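Enquirer: Next comes the sequence, and after it the predicted model I'd like to discuss.
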Amino acid sequence: MKTGDMVLQSELVAYWARDRRLAFIGDGDAISVCVAYLKERGILPYGPSKIVVFDFDERMCNSVKRFADRERLETLDAWHYNCFDAFPELGKFDCFYTNPPWGASNGGESVNVFVRRGIEAIGHAGDGMIVIADDPGLAWSREVLAKVQEYVLSQQFIVHRLMPEVHSYHLDDAPDLRSCNVMVRSVSPDKRDLASEPLRPGDFPNFYGRGNLPWVRYVKERSVIAYGTAHESEYALEAMELPKE
């Protein structure tokens with residue numbers, strides 16, 4: 001997401017989730033970090049009371065944790081989690097946010113997997129914000145938007161606000177592609193104590209694009225001796241010619 005849109009999105013999320021516990025089901029744009037930081041530094045007078053990022057990339061989770069520790073952001077945390085596994089924190093949150101794989105090749109199935117885990121995170125009661133493609137020139141984006149709305153309705157949620165074409169991205173193959181905010185709310189205000197079930201990756205043959213099964217469970221971070229310092233294999237030193245005495 002482009003910088004200006006990230007700032008606007010962070011302010012929106014901070015206000016929308018103010019004083020509530022917010023689960024991020026994936027967060028490739030680092031909106032969670034922006035929201036927590038802007039609130040902690042007093043740039044925004046509001047924000048969530050707790051933010052937890054759930055992501056299968058350990059590098060991202062550890063990056064969030066390190067940033068939170070360095071900046072003393074006590075409201076920010078991250079869990080190493082894959083959305084194909086049962087959700088570990090059922091009903092512990094008040095709202096969820098997700099910017100999932102947009103489902104161009106699977107009719108929105110990939111979006112609905114992430115939405116499902118978000119709904120479980122809030123115990124089927126509360127609010128969610130879903131970021132997905134919104135391009136009037138692309139038929140698949142309209143199909144996905146329809147499928148996502150069908151799914152949330154089947155889960156007893158309504159779309160109470162839709163912000164069309166509000167984000168742009170640094171994408172070499174689609175520089176003009178935009179996305180929208182789909183804001184959903186549960187019909188019932190009462191949390192439900194429901195079990196979370198794992199999903200079979202084989203049931204989603206086009207999860208990350210046509211013919212791309214979700215075969216990676218976790219991205220693991222390799223240990224380094226000194227975090228933040230480049231390994232000697234990544235660089236070489238060329239000496240200056242010093243004057244002779």
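Expert: It's in. Numbering: from 1, shown residues only.

Enquirer: Show me the shaky parts of the protein.
Expert: Scanning the chain with the threshold set as pLDDT under 70 gives 173, 224-235, 237, 239-240, 242, 245.

Enquirer: To what extent is Pro189 buried, counted in neighbours?
Expert: 8 (other Cβ atoms under 10 Å). Every C-beta, even on glycine, is put in place using the N, C-alpha and C of the backbone.

Enquirer: Tell me the first helix or strand C-terminal of the lengthiest helix in the chain.
Expert: Ranked by residue count, the top helix of the chain under DSSP state H comes out as helix 139-154. For helix 139-154, the following helix or strand on the C-terminal side (DSSP states H and E) is strand 157-168.

Enquirer: What residues of that next one count as buried?
Expert: 157, 163, 166-167 (16 or more other Cβ atoms under 10 Å).

Enquirer: cool, and stretch 53-67?
Expert: 53-57, 60-61, 63-65, 67.

Enquirer: Could you check how far stretch 126-138 is from the centre of its chain?
Expert: Mean-position distance between stretch 126-138 and its chain equals 13 Å (Cα atoms, centre = their mean, to the nearest Å).

Enquirer: What is the end-to-end distance of that stretch?
Expert: 31 Å (Cα to Cα, to the nearest Å).

Enquirer: Report how many residues lie close to Trp16.
Expert: Neighbours around Trp16, by other Cβ under 10 Å: 19.

Enquirer: Tell me how far it lies from Thr3.
Expert: 20 Å (Cβ to Cβ, to the nearest Å).

Enquirer: got it, and Asn212?
Expert: For Asn212, the distance to Thr3 - Cβ to Cβ - is 29 Å.

Enquirer: what about these two, which has more around it?
Expert: Of the pair Asn212 and Thr3, Asn212 is the one with more neighbours under other Cβ under 10 Å, namely 14 against 8.

Enquirer: The nearest residue to Ala146 once chain neighbours are set aside: how many residues sit nearby?
Expert: Closest residue to Ala146 in three dimensions, ignoring its sequence neighbours and counting by Cβ to Cβ, 6 or more residues apart in numbering: Gly108, at 7.9 Å. Using other Cβ under 10 Å, Gly108 has 26 neighbouring residues.
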